[in-house]
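> got a predicted model here, sequence first, then my questions.
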Amino acid sequence: MTGAGKRLGRAIALGLAEAGCDVAVHSFRSKEDAEETATRVRALGRRAVVVAADQTSGDEVQRAVDHAVRGLGRVDHLVVSAAAFERAPFSEMTRDKWDRMIAANLTGPFEWVRAALPHLQQSDAASIIVMLDVAAFHAWRGFAHYCAAKAGLEMLVRVLALELAPTIRVNGIAPGTVLPPEDLAQTEAESIRRQIPLERFGSPDDVTRAALYLANAPFVTGTTLFVDGGRSAVARL
């Protein structure tokens, strides 16, 4: 489980543990947070190992996967959640900002899948679940590099679903507003809320339930499950 140190990643990791999964808890800079997640997984009666890696580095990702397999013995599900988020108007976009966002949000997931693939191929019920974003489907002003990376990742989900079938299922989850940024202004939060048909923000539990469904849906692959209160349906009108 990548990016499992805090926030949404932690919630999904704990949901998997409650469902009976042992969990490899990945983080890059938040080692203390990852250790806390692992402690909570163990409190649920499951095994947990902590792995650290800069997911833009193939070597570091490979070492992390190898460590996870040594600790847990197998890989049945790969949940890719670690991501970067940044606002940058295109007039202020630099090549460095662009490259960092593509590396974190597109190349990183590619590296995790590549490293875990030999182990997933040995499982009888393997799946890959990728955290996308509604930004993969809708243009956001000020987020050209983020939207482009997530859109590319959504296409990768579909291509992998074709190439890795029939032994490995690959699906995406596109959360809406479930954990608003801590610095989000109240006026902006209310503006977003008014655009959601269900008239409320979601919760990490909503996304966790979606991940558990996809992990246990043997005839579902190549799809993206929107968990956004209907906001994407409005955007498509």
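Structure received.

> let me see the ranges of the strands in the chain.
23-27, 48-52, 77-80, 126-131, 168-175, 224-227 (DSSP state E).

> so for the second one, mean pLDDT?
Read it as strand 48-52. Computed over strand 48-52, the mean pLDDT rounds to 97.

> which elements pack onto it?
strand 23-27, helix 31-43, helix 58-72 (3 or more C-beta pairs under 8 Å, 6 or more residues apart in numbering; DSSP states H and E). (C-beta placed from N, C-alpha, C; glycine too.)

> given that strand, what are its sheet partners and their directions?
Strand pairing for strand 48-52, using DSSP bridges, gives strand 23-27 (parallel).

> now the partner strand against helix 58-72, angle please.
150 degrees (axes from the mean of the first three to the mean of the last three C-alpha atoms, to 10 degrees).

> mind putting the strands of the chain into a markdown table with mean neighbour count?
A markdown table is the format used below for these (neighbours: other C-beta atoms under 10 Å):
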| stretch | mean neighbour count |
| --- | --- |
| strand 23-27 | 28 |
| strand 48-52 | 21 |
| strand 77-80 | 25 |
| strand 126-131 | 24 |
| strand 168-175 | 24 |
| strand 224-227 | 19 |
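
> need those in CSV (columns: distance to residue 88).
Formatted as CSV, the strands of the chain follow (distance: least, C-beta to C-beta, whole Å):
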stretch, distance to residue 88
strand 23-27, 24
strand 48-52, 27
strand 77-80, 23
strand 126-131, 21
strand 168-175, 21
strand 224-227, 25
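
> quick check: longest helix of this protein.
Looking across the chain with DSSP state H, the single longest helix is helix 144-164.
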